[in-house]
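Undergrad: Model the structure of this input:
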Amino acid sequence: MVIVRIGIVALVGAVLLSACGDNPLGGFGVTEDWLGDPGDGVVRTVTTEAAASRPEVGSLDWYNPPVSFVERDPAVLLEEIWARSSGTDAFVQAAPNEISAVVPAIKVPQFLPVGTAYVTSQLVFGVSTGQLTNAYVAAFGFWKSTPYRSSRSVSQLLQLKVAEDLTDPASAAEDETRGCNRFNDLDITSCEPVSISPGQGWWVTTRDGPVLTWYDGGLRYELLDRQKFGKEVLVEFVRSMILLSAVEIGEQTGP
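TA: Residues are numbered from 1 along each chain as shown. Coordinates of the predicted model:
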């Protein structure tokens, strides 16, 4: 198998230039269409035997495969990526080595659910600015069939959104919610603290479904459990997180 290594380009982290405001997704073009529809409500289980055969992220087909050249200046690179977009959708398709060049600390799960076959990768822009937002900077979709050809509730297994967020993930000693109060302003119906060795995460239920949220290296990760695998399974995926720049992506089979 031919291996393509995504190298870290000598860059600083992306500067987020667009403010969230009261509605952090406002002005995002067709964001809601990308976020998609809720799951079918069926709770699925993963057996020990199946867990042993979980695919690695580098073995999957990437909808946006690595590009041969990545601009070293992050500002110029962002201009190039935005220029090739429609200019109306906040979620812009980007190669994994482009994303890791813009956000060097970003990570993805090394292991995915059994049946995962494809990865989509995007940077998130403000459509009015052409710059990354401080709501989210990147998003990944993990699919069992060719992306975008059927409903996300059917073909997408997990969705990972990433934001730059320097919030201290530790809960205050007097916080009886153990950090759940940070989600009071979000569209959620429940919250439960979850241990993610060596840190802590939160299992929150949103209108799109259950989401596992955690912080790492100045970034906030939100992993949507599209197919209801359950928090224990998602925690295992979180524990396998590796730098996107370190992922060895195999030869792509194409669409």
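
Undergrad: Quick one: the strands in the stretch 101-250 of the chain, in order.
TA: Ranges of strands in the stretch 101-250 of the chain, per DSSP state E, counting those that start in this stretch, are 107-109, 118-124, 138-143, 156-164, 188-196, 199-206, 209-216, 219-225, 241-243, 248-250.

Undergrad: Does residue 88 touch residue 128 like I think?
TA: No - using CB atoms under 8 Å, residue 88 is not in contact with residue 128, being 10.7 Å away. (C-beta placed from N, C-alpha, C; glycine too.)

Undergrad: between those two, which one's more packed in?
TA: Under the criterion of other CB atoms under 10 Å, the comparison of residue 88 against residue 128 puts residue 128 first, with 12 against 9.

Undergrad: sorry, back to before: nearest to residue 80, of the strands of the stretch 101-250 of the chain?
TA: Residue 80 lies closest to strand 118-124 among the strands of the stretch 101-250 of the chain, at 11.1 Å (CB to CB).

Undergrad: same question for the closest one, mean pLDDT?
TA: Regarding strand 118-124, the rounded mean pLDDT is 98.

Undergrad: list the helices and strands that strand packs on?
TA: Where contact means 3 or more CB pairs under 8 Å, 6 or more residues apart in numbering; DSSP states H and E, strand 118-124 is packed against strand 61-62, strand 91-93, helix 96-102, strand 138-143.

Undergrad: I'd like to check the angle between it and strand 156-164, please.
TA: 30 degrees (axes from the mean of the first three to the mean of the last three CA atoms, to 10 degrees).

Undergrad: Parallel or antiparallel, list what pairs with strand 118-124.
TA: strand 61-62 (parallel), strand 91-93 (antiparallel), strand 138-143 (antiparallel) (DSSP bridges).

Undergrad: got these as CSV, with distance to residue 107 columns?
TA: Shown next, in CSV, are the strands paired with strand 118-124 (distance: least, CB to CB, whole Å):
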stretch, distance to residue 107
strand 61-62, 16
strand 91-93, 19
strand 138-143, 10
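
Undergrad: The residue sitting furthest away from the middle of the chain and residue 215: what is the separation?
TA: Distance from the centre of the chain peaks at residue 174, with 31.4 Å (CA atoms, centre = their mean). Taking CB to CB, to the nearest Å as the measure, residue 174 falls 20 Å from residue 215.

Undergrad: would a markdown table of the helices and strands packed on strand 118-124 with mean neighbour count be doable?
TA: A markdown table is the format used below for the helices and strands packed on strand 118-124 (neighbours: other CB atoms under 10 Å):
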| stretch | mean neighbour count |
| --- | --- |
| strand 61-62 | 19 |
| strand 91-93 | 21 |
| helix 96-102 | 26 |
| strand 138-143 | 25 |
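
Undergrad: Which residue is the nearest non-sequential neighbour of the residue nearest the centre of the chain?
TA: Against the mean C-alpha coordinate of the chain, by CA atoms, centre = their mean, the closest residue is residue 160 at 2.5 Å. Nearest non-adjacent residue to residue 160, counting by CB to CB, 6 or more residues apart in numbering: residue 140, 4.4 Å away.

Undergrad: Show me the beta-bridge partners of that neighbour.
TA: Assigned bridge partners for residue 140, using DSSP bridges, are residue 121, residue 160.

Undergrad: that older thread, distance to residue 54 added to the helices and strands packed on strand 118-124, as JSON lines?
TA: Formatted as JSON lines, the helices and strands packed on strand 118-124 follow (distance: least, CB to CB, whole Å):
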{"stretch": "strand 61-62", "distance to residue 54": "16"}
{"stretch": "strand 91-93", "distance to residue 54": "26"}
{"stretch": "helix 96-102", "distance to residue 54": "19"}
{"stretch": "strand 138-143", "distance to residue 54": "11"}
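
Undergrad: Kindly reformat the ones you listed as CSV containing mean pLDDT and distance to residue 170.
TA: Below are the helices and strands packed on strand 118-124 laid out as CSV (pLDDT from 0 to 100; distance: least, CB to CB, whole Å):
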stretch, mean pLDDT, distance to residue 170
strand 61-62, 96, 35
strand 91-93, 97, 31
helix 96-102, 97, 27
strand 138-143, 98, 25
